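Chemist: Everything below, folded, please.
(chains A and B)
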There are 2 protein chains.
Amino acid sequence: MDPSQVKIPPMKDLTADNITQNVHTINSLCEDERMKYVLERLVTHLHDFARETRLSTQEWMTGLLFLTEVGKICTDVRQEFILLSDVLGLSLLVDSIDHPKPPGSTEGTVLGPFHTHDAEEITTGDSMSHDPKGEPLLVVCTLKDTAGRPIPNVKIDIWETDSTGHYDVQYPGRDKPDGRCVMRSGEDGVFWFHAITPVPYPIPHDGPVGKLLKKLHRHPYRPSHMHFMFEKEGYDHLITALYLRNDPYEMSDAVFGVKNSLVVDIGRAGPEYARKYGVAEDHALLTYDFVLVSDTETSDLRARNSKEALDKLGRKVKIVNGLPVPDLD
Amino acid sequence: MDPSQVKIPPMKDLTADNITQNVHTINSLCEDERMKYVLERLVTHLHDFARETRLSTQEWMTGLLFLTEVGKICTDVRQEFILLSDVLGLSLLVDSIDHPKPPGSTEGTVLGPFHTHDAEEITTGDSMSHDPKGEPLLVVCTLKDTAGRPIPNVKIDIWETDSTGHYDVQYPGRDKPDGRCVMRSGEDGVFWFHAITPVPYPIPHDGPVGKLLKKLHRHPYRPSHMHFMFEKEGYDHLITALYLRNDPYEMSDAVFGVKNSLVVDIGRAGPEYARKYGVAEDHALLTYDFVLVSDTETSDLRARNSKEALDKLGRKVKIVNGLPVPDLD
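Modeler: Numbers count the residues shown, from 1 in each chain, chains lettered A, B, ... in the order given. Alright, predicted model coming up:
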């Protein structure tokens, strides 16, 4: 590199007090306003973290080696950094910020690492789990917009573990998907299917994230739940899950996914349900009414939330491409 | 795991506003007070970073995949996370916090990734570089304590690149160390040796950290410098380097290592030096007087700095094993 091309503003003598401003200065030539803002906040918080903890060289090295181990264990089917983000509550936070929900709509929650793109498409009334040891469960749902109108033809991904708490992808010999499906809502916004009653299970805890949980005296369990993902043009992509009330881990989910509005009771089919859906009376039953939010509602709410949150922090920002950057005008 | 052993305080309904407190709650059973404090600060800053930037799901994923790539490229001889810490100014900050220097003592700076443990021990007056293309440089130094007394028998590691800006370990065919040595100070605290005049060089920039620098319009260069490391029982381990004044990258070091007190001029040997050290007149000459700090002085100063910095932030802490933890009494 030709030294005459060094256009970076000269740095001052570096000390623990001015290093942060110096890093901002050297990063200030970044032409992407959003990236510059994100980096500026990242460096500020990283440095404040070190200053407030008086981080020792040994702790710093322990941290870097931990992150190295997290990276090393990642494969095509294992994403340990997402898991780390999950157990630190960051995943839930980012979802809450990026997919805000107006009152009355269905809240989102963590995606988790077990969604796949190869689930079979089933039609309403089919079964999405073939584990003979699971408790058969009838699931009957409706899908509406915030004005109460049914939304037909929404692509719905549903996935759950088998009765031992393992997803199909956790079995080395997996030859085809099970415990997962894709289906579509009908003209009346209804979709229903047969599944098994969810059970609790541990997140993968044989890696660095598991070791961290152990040091923190935390268990790796997730309460019993079933995942749902809804996609239709014009509606905000909804990733959510339903959690069973009174699960032993309901109040201590290792990845902070539980929200009150997503906790449900497993009921029993009465005579009407039994007749209508062709199951025995007392068959286990899960019902839920999902409410999707339009893209426009979501982006308006997201921008409003951004403005409000940053106003409260005394930061003057403008929204560019849906995301805040400092307003320097 | 027996669910009856779930002793974690129950979490409340999770929202963007209370998730941070919920993560602190679930981490609060950690028995290591220091680790608990570090985690509490880490989670707070991580979450505040997401809230202040209104981090999008896409940006979050970009970040996690970047960290995964950083981990993947690490090997026994390449530590990309240290490099990332270096280019974000964190390494210099942590060194400044952990190895504070009283006025008049030699400041520390970043270690960098090229120190090895296999350098040959040489005696004073020997040569530590055998690159015929480098400009021969005589280096004459003294080593004293803060009271001005010479410190004999200090183990001194010295390392620099060859004349093309590459360390020996960067050559695939390396069969023995070069451009590095270990030596000891004499009874009078003096050590001197032959080297070559340092040249600027780029940090490894073919990986994710290099890509990041490019996006930020930053160059990967370090100004010309020579590394020194001093070890003797009773003295704080000093990792430092001397930088050449007027180097094209003096004001824009990619890893923020330059401190004013470590910037030196390359002089020319006069008649006295020429005679005493057996070099021609006008031979390139570097002289420096290093001042080491005792362990006791350092730990006292570190504790005082911690107290002061945290008092200023309104945090009541006590120092345990040299590091702050919240003072809850």
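Chemist: So which residues of the stretch 101-250 of chain A form strands?
Modeler: Taking DSSP state E, counting those that start in this stretch as the test, the strands found in the stretch 101-250 of chain A are A:136-145, A:155-159, A:180-184, A:190-196, A:201-202, A:221-222, A:225-231, A:238-244.
Chemist: The last one pairs with which strands, parallel or anti?
Modeler: In other words, strand A:238-244. Take DSSP bridges as the rule and strand A:238-244 pairs in its sheet with strand A:225-231 (antiparallel), strand A:263-264 (parallel).
Chemist: Show me what the last one is in contact with.
Modeler: Just to be clear, that refers to strand A:263-264. For strand A:263-264, the external contacting residues (C-beta atoms under 8 Å, 6 or more residues apart in numbering or on different chains) are A:L242, A:Y243, A:L244, A:R245, A:E250, A:L286, A:Y288. Placement of C-beta: from N, CA and C, glycine included.
Chemist: Now render the strands of the stretch 101-250 of chain A as a markdown table, adding distance to A:Y37, mean neighbour count and mean pLDDT.
Modeler: Conversion of the strands of the stretch 101-250 of chain A to a markdown table gives the following (distance: least, C-beta to C-beta, whole Å; neighbours: other C-beta atoms under 10 Å in any protein chain shown; pLDDT from 0 to 100):
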| stretch | distance to A:Y37 | mean neighbour count | mean pLDDT |
| --- | --- | --- | --- |
| strand A:136-145 | 34 | 20 | 98 |
| strand A:155-159 | 33 | 20 | 98 |
| strand A:180-184 | 38 | 20 | 98 |
| strand A:190-196 | 41 | 20 | 98 |
| strand A:201-202 | 38 | 19 | 94 |
| strand A:221-222 | 34 | 24 | 95 |
| strand A:225-231 | 30 | 22 | 98 |
| strand A:238-244 | 26 | 22 | 97 |
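Chemist: can you redo those as a markdown table with distance to A:K211?
Modeler: Shown next, in a markdown table, are the strands of the stretch 101-250 of chain A (distance: least, C-beta to C-beta, whole Å):
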| stretch | distance to A:K211 |
| --- | --- |
| strand A:136-145 | 35 |
| strand A:155-159 | 27 |
| strand A:180-184 | 29 |
| strand A:190-196 | 32 |
| strand A:201-202 | 14 |
| strand A:221-222 | 16 |
| strand A:225-231 | 25 |
| strand A:238-244 | 26 |
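Chemist: how about the strands paired with strand A:238-244, which one is nearest B:D236?
Modeler: With C-beta to C-beta as the measure, strand A:225-231 is the member of the strands paired with strand A:238-244 nearest B:D236 (52.6 Å).
Chemist: the helices in the stretch 101-250 of chain A, which residues?
Modeler: Secondary structure of the stretch 101-250 of chain A by DSSP state H, counting those that start in this stretch: the helices cover A:208-215.
Chemist: In contact with the closest residue to A:Y167 other than its chain neighbours, which residues?
Modeler: Leaving aside its chain neighbours, A:Y167 sits nearest to A:F114 (4.4 Å; criterion: C-beta to C-beta, 6 or more residues apart in numbering or on different chains). Neighbouring residues of A:F114 by C-beta under 8 Å, 6+ apart: A:W159, A:Y167, A:V169, A:Q170, A:H227.
Chemist: from the contacts of strand A:263-264, which single one is nearest chain B?
Modeler: Set against chain B, the nearest of the contacts of strand A:263-264 by C-beta to the nearest C-beta is A:E250 (8.3 Å).
Chemist: Let's see the pLDDT reported for whatever residue of chain A ends up closest to chain B.
Modeler: Distance from chain B to each residue of chain A (C-beta to the nearest C-beta) is smallest for A:G71, at 1.2 Å. With respect to pLDDT, A:G71 scores 97.
Chemist: about what we covered before: tell me how far the residue nearest to A:Y167 lies from A:I82.
Modeler: 11 Å (C-beta to C-beta, to the nearest Å).
Chemist: A:P113 now?
Modeler: Look at A:P113 and A:I82: by C-beta to C-beta, they are 6 Å apart.
Chemist: Among the two, which residue is more densely surrounded?
Modeler: Between A:P113 and A:I82, counted using other C-beta atoms under 10 Å in any protein chain shown, A:I82 has the larger neighbour count: 23 against 17.
Chemist: Regarding the more buried one, what is its secondary structure?
Modeler: Following DSSP: H, G, I helix; E, B strand; the rest coil, the label given to A:I82 is helix.
Chemist: I'd say it and A:L90 touch.
Modeler: No: using C-beta atoms under 8 Å, A:I82 makes no contact with A:L90, being 9.6 Å away.
Chemist: Contacts only, for A:D157.
Modeler: A:H115, A:A119, A:R180, A:C181, A:V182, A:H227, A:F228, A:M229, A:F230, A:E231.
Chemist: Who does it form a beta bridge with?
Modeler: Under the criterion used here (DSSP bridges), A:D157 is bridged to A:V182, A:M229.
Chemist: A:Y243 now?
Modeler: Here A:Y243, judged by DSSP bridges, has bridge partners A:H225, A:V263.
Chemist: my guess is it contacts A:S224, does it?
Modeler: Yes: under the criterion of C-beta under 8 Å, A:Y243 makes contact with A:S224 at 6.9 Å.
Chemist: Run through chain A and note the low-pLDDT ranges.
Modeler: A:1-9, A:12, A:329 (pLDDT under 70).
Chemist: Can you give the domain ranges for it?
Modeler: A:1-55, A:106-202+A:217-293 (automatic domain parsing).
Chemist: Tabulate those (a markdown table), appending distance to B:N18.
Modeler: Below are these laid out as a markdown table (distance: least, C-beta to C-beta, whole Å):
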| stretch | distance to B:N18 |
| --- | --- |
| domain A:1-55 | 20 |
| domain A:106-202+A:217-293 | 10 |
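Chemist: quick one: which of those is nearest B:S129?
Modeler: Comparison of the domains of chain A against B:S129 by C-beta to C-beta identifies domain A:1-55 as nearest, at 23.4 Å.
Chemist: The closest residue to A:P100 other than its chain neighbours: how many residues sit nearby?
Modeler: Of all residues not flanking A:P100 in the chain, A:L301 sits nearest, at 4.7 Å (C-beta to C-beta, 6+ apart). A count of nearby residues for A:L301, using other C-beta under 10 Å, gives 17.
Chemist: Show the contacting residues for A:G125.
Modeler: Residues counted as contacts of A:G125 (C-beta under 8 Å, 6+ apart) are A:W192, A:F193, A:H194, A:Y277.
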